[in-house]
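Trainee: make a model of this:
(chains A and B, ligands or ions: 2)
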Protein chains: 2
Amino acid sequence: MSKNLTSRAEDYSKWYNELVVKADLAENSAVRGCMVIKPYGYAIWEKMQAELDRMFKETGHQNAYFPLFVPKSLFEAEEKNAEGFAKECAVVTHYRLQNDPDNPGKLRVDPEAKLEEELVVRPTSEAIIWSTYKGWIQSYRDLPILINQWANVVRWEMRTRLFLRTAEFLWQEGHTAHETRSEALAEAQLMNQVYADFAENFMAIPVIQGVKTESERFAGAEETYCIEALMQDGKALQAGTSHFLGQNFAKAFDVKFTNNEGKLDYVWATSWGVSTRLVGALIMTHSDDKGLVLPPNLAPIQVVIVPIHKTDDQLKQIGDVAKNLLTELRSKGISCKYDDRTTQRPGAKFAQYELQGVPLRIAIGPKDLENKTVELARRDTLSKENVVLDGLVDKLEALLAEIQETLFKKALNFRNSHITEVDTFEEFKTVLETKTGFISAHWDGTAETEDKIKEITKATIRCIPLDQKKEAGSCVFTGKPSTGRVLFAKAY
Amino acid sequence: MSKNLTSRAEDYSKWYNELVVKADLAENSAVRGCMVIKPYGYAIWEKMQAELDRMFKETGHQNAYFPLFVPKSLFEAEEKNAEGFAKECAVVTHYRLQNDPDNPGKLRVDPEAKLEEELVVRPTSEAIIWSTYKGWIQSYRDLPILINQWANVVRWEMRTRLFLRTAEFLWQEGHTAHETRSEALAEAQLMNQVYADFAENFMAIPVIQGVKTESERFAGAEETYCIEALMQDGKALQAGTSHFLGQNFAKAFDVKFTNNEGKLDYVWATSWGVSTRLVGALIMTHSDDKGLVLPPNLAPIQVVIVPIHKTDDQLKQIGDVAKNLLTELRSKGISCKYDDRTTQRPGAKFAQYELQGVPLRIAIGPKDLENKTVELARRDTLSKENVVLDGLVDKLEALLAEIQETLFKKALNFRNSHITEVDTFEEFKTVLETKTGFISAHWDGTAETEDKIKEITKATIRCIPLDQKKEAGSCVFTGKPSTGRVLFAKAY
Ligand SMILES: [Zn+2]
Ligand SMILES: [Zn+2]
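Mentor: Numbers count the residues shown, from 1 in each chain, chains lettered A, B, ... in the order given. Ligands and ions are numbered 1, 2, ... in the order given. So this is what the prediction gives:
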């Protein structure tokens, strides 16, 4: 199977598209821009969800659910937010179909079932949630509200790509309400930190934490924190964002509270989200020309066992060994599979699990039965070794942890070696086209310069890193004074 | 708080509506017929999801995700299904908003962004899923496909009630594909059994398994299995359905496979689902005039500890005892909370937890510190006792199991005492209006009779029980011959 995979060097974009489909992660659907997430891809998303959900609850958040639809009048209440999303909204205008008199057996929209007010399919839920919070908040005693929602959202993107940019996607969106500016700011920062920890420790994806420039900010936010990752083709990917919304939504929806001094004030807000886009980031960070490479934390199958036999008797004996291993592995919480299908040859199974990124593969043949050994193959390094059965499960457990760490370090080395400081615009353009990656450069702080650089190079300011050094310099484009470097890159 | 709750005897329907809101489970939203599921209500749904998901995976199913939208041409492909849902569909016709030139600051639908083909917001996913399965199935080797999806769906209901009937609701929908009729039938039966086990063992709701009559069947199904529960007001509630779809969807979407004899045949299908409606069933099965009563399996908080103190020093000492209890309880997987808010008096806290159905409440006061005791209150029986701290956690664990069982038995007794065999239509009407509940009666098997009975009495055939006894009789309405009794009831 993997023979048919385009290599990354040949065409990175094609490699990605093919891999998503061939590894059975997702496919395009009959609905423009919407994907079908297949069981193997969804199992990866479920692992992400479980860990994120645990982290959200540990930081005091609860889940809830708000409507899919936003009435137009609510949608337009916070003007900047509305403006930001108006051009990509799916709009429900009718609530009934009827038999089409001109086409027997076909249906048409019932013209008499037109809604009085159109409903926008949520592209994000600030509007519907803040119109709800209005009823929940009277006093400081009702604050903070720390809520997360797991949901689908729709943004009518014109150019879509599986996981990276789809018209409908799955995500979580946190929406919190606070008494003070500083509390809300701290929440936005905390959740960005949670995302960074999740990306690095769970997904083995190194990220840079920063804030967006004004032009890259979420529509309606006063500050957008983000985590930015670097893909193997040297393009950046925004993997998560956390917004400090100030009092914008409270003002738009008139959400006031009595503070502990008896004074009325508008409530402070944050929102933060990550989506199925993370699956795209995962693929593009770790995978290779043979297919997926999955960090063990995210692998639906961490260890697969394949029997290699000539006789039924051998298969039975191998099955006994395998089943003991499965029991032991499961008792340690390691997900594993014994693939004794007789409709597929071992070679085809090897290729499948390589393509699907199973971290560890064990093959057991007749010789192994005699010697009490197995053949152990590691997906990330593609190395193989013969190891003794005795103590195997402990070894596998240790190896899984090692692979998780190795993948992170490898990605970190790649990322670190692709942050290049440049001081002239010529250098900027050369690095962007040849070495690629993040470019660390001085910028004069204006949207105008940012725009011009984008027009000329297609690179955008990914973020102003949280750990930015104060450093006097001059803008790489205008030569005007700057107080620190920001990170530019072409991005997904 | 509970003082304000209308009693069941006074107005059952009002009691329900008030309880849902006062117990902080859900509320109506700004979107007609759509609800906001609040954190406490959502936590109950999460417990249901976790258990169902475990049961689905244990029976070999995997999760996946399919698009929210169904293009009209796919939606209408299976005619009966389309006909069944056409009248309650939210339809997306446009993909963009624009500034309204007549109303500065407002938006309107951009008339130039009309979709070529309208998109139906899924009321159920057979159409989009079977159009996808077509690409997945060529041979018997590709079968069975055993997939479940957790999703939101929209049915534009005219009369809505929180949890019981909402325009948008959350559910899971299983969609499976099989080689043979008998395999698909077995799957539909298995999943109905899974639902019955879940309802009875996890939710403590006794259910009757049966099949629907033709007129009550799912649109597009050849057989609909169901679980029917009985609410405290004597009305039935369909708590889950599992459909044998025959080859209807395979034919509508031309999904054929080569069987192991090399012959082409259409694929056999099932679908099955339960929804947030179950939260409504839960409330109406167990709760009382003081508020929610939750089976421990579904209680977001199983044990709550409330301090009763006069001095800060007492509060500190009580806090130490409470924290030890919490640690021990959590190590046993019991969810618990120590409510030391100083903004609320103990009485208000008691009322709140009573209203919210927390199964066990512990109060600790200064006397308890001296005596090494606590006051333990049980929500289901409203009984209180003083118990010694020593061995308390084991006692609590045992009590939770006992409450779970007690609630089931109580509901079962109620249900069993509300199944009434009647042999005349006079009796039928009398029982329906006075005793209420299920009426077990002979029926001549025609839709005409079923319809007439419904018109006259508002009772429908809830199901033909799977354990129906063969028994010659005459139809309660027409006197025509019948071979067994079916269950009628008024229903939610
Ligand atoms: Zn490079
Ligand atoms: Zn009664």
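Trainee: which regions of the stretch 151-300 of chain A sit below the pLDDT cut-off?
Mentor: Within the stretch 151-300 of chain A, no range satisfies pLDDT under 70.
Trainee: quick one: residues in contact with the top helix by length along chain A.
Mentor: Counting residues, the longest helix found in chain A (DSSP state H) is helix A:392-416. For helix A:392-416, contacts defined as C-beta atoms under 8 Å, 6 or more residues apart in numbering or on different chains pick out A:200, A:204-206, A:229-230, A:232, A:285-286, A:293, A:295-297, A:302-303, A:325, A:328-329, A:332, A:334, A:359-360, A:374, A:376, A:378-381, A:387, A:437-438. From N, CA and C alone the C-beta is placed, and that goes for glycine too.
Trainee: these two touch, right, residue A:73 and residue A:119?
Mentor: No: with contact defined as C-beta atoms under 8 Å, residue A:73 does not reach residue A:119; the gap is 10.5 Å.
Trainee: just to revisit the earlier point, looking at the contacts of helix A:392-416, which are in helices?
Mentor: Using DSSP H, the subset of those located in helices is A:285, A:286, A:325, A:328, A:329.
Trainee: so can I have a markdown table of those showing neighbour count and distance to residue A:82?
Mentor: Formatted as a markdown table, the ones in helices among the contacts of helix A:392-416 follow (neighbours: other C-beta atoms under 10 Å in any protein chain shown; distance: C-beta to C-beta, whole Å):
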| residue | neighbour count | distance to residue A:82 |
| --- | --- | --- |
| A:285 | 26 | 34 |
| A:286 | 23 | 38 |
| A:325 | 22 | 57 |
| A:328 | 16 | 57 |
| A:329 | 21 | 52 |
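Trainee: check those residues and tell me the two furthest apart.
Mentor: Across those, the two members that end up farthest from each other (C-beta to C-beta) are A:285 and A:328, 31.1 Å apart.
Trainee: what helix or strand is whichever residue of the stretch 201-350 of chain A sits closest to chain B located in?
Mentor: Residue of the stretch 201-350 of chain A nearest chain B, by C-beta to the nearest C-beta: residue A:343 (6.0 Å). Remark: residue A:343 resides in no helix or strand, with elements defined by DSSP states H and E.
Trainee: go ahead and confirm it touches residue B:142.
Mentor: No: using C-beta under 8 Å, residue A:343 is not in contact with residue B:142; the gap is 11.0 Å.
Trainee: looking at those two, which has the bigger crowd around it?
Mentor: residue B:142 (15 against 7; other C-beta atoms under 10 Å in any protein chain shown).
Trainee: tell me the contacts of the closest residue to residue A:84 other than its chain neighbours?
Mentor: Once flanking residues are discounted, residue A:84 sits nearest to residue A:219: 2.4 Å by C-beta to C-beta, 6 or more residues apart in numbering or on different chains. Neighbouring residues of residue A:219 by C-beta under 8 Å, 6+ apart: A:80, A:81, A:82, A:83, A:84, A:85.
Trainee: secondary structure class of the fourth one, three-state.
Mentor: Look at residue A:83: counting by DSSP: H, G, I helix; E, B strand; the rest coil, its state is helix.
Trainee: for burial, what's the neighbour tally of it?
Mentor: 15.
Trainee: next: residue A:101.
Mentor: The tally of other residues near residue A:101 (other C-beta under 10 Å) stands at 8.
Trainee: is it in a helix, a strand, or coil?
Mentor: Recorded secondary structure, residue A:101: coil (three-state DSSP).
Trainee: and for residue A:33?
Mentor: Residue A:33 is classified as coil under three-state DSSP.
Trainee: any idea how far residue A:271 is from the closest residue in space to it that isn't next to it in sequence?
Mentor: In space, and not counting its chain neighbours, residue A:33 is closest to residue A:167: 3.3 Å by C-beta to C-beta, 6+ apart. Distance from residue A:167 to residue A:271, counting by C-beta to C-beta, to the nearest Å: 21 Å.
Trainee: contacts for stretch A:331-343, please.
Mentor: The contact list for stretch A:331-343 (C-beta under 8 Å, 6+ apart) reads A:299-307, A:315, A:319, A:322-323, A:325-326, A:329-330, A:349, A:353, A:393, A:396-397, A:400, B:141.
Trainee: follow-up on the earlier one: now name the helix or strand holding the residue nearest to residue A:84.
Mentor: Per DSSP H and E: nothing holds residue A:219, as it lies in no helix or strand.
Trainee: next one: phi and psi at it?
Mentor: Dihedral pair for residue A:219: phi -70, psi 110, per degrees, to the nearest 10.
Trainee: ok, residue A:102 - how many residues close by?
Mentor: 7.
Trainee: need the contact list for the residue nearest the centre of chain A.
Mentor: The residue lying closest to the centre of chain A (C-alpha atoms, centre = their mean) is residue A:278, at 1.6 Å. Contact partners of residue A:278, counting by C-beta under 8 Å, 6+ apart, are A:48, A:199, A:203, A:239, A:240.
Trainee: re the thing from before, now the longest helix of chain A: buried residues?
Mentor: Buried residues in helix A:392-416, defined by neighbour count with 16 or more other C-beta atoms under 10 Å in any protein chain shown: A:392-393, A:396-397, A:399-400, A:403-404, A:406-408, A:410-411, A:414-415.
Trainee: same question for stretch A:88-98.
Mentor: Buried residues in stretch A:88-98 (16+ other C-beta under 10 Å): A:88, A:89, A:90, A:91, A:92, A:93, A:94, A:95, A:96, A:97.
Trainee: in strands, which of the residues you listed appear?
Mentor: Using DSSP state E, A:91, A:92, A:93, A:94, A:97 are the members of the buried residues of stretch A:88-98 that sit in strands.
Trainee: is residue A:174 in contact with residue A:148, as I believe?
Mentor: Yes: applying C-beta under 8 Å, one finds residue A:174 in contact with residue A:148, separated by 4.5 Å.
Trainee: what do those two both touch?
Mentor: A:56, A:61.
Trainee: having no further points to raise, I will conclude here.
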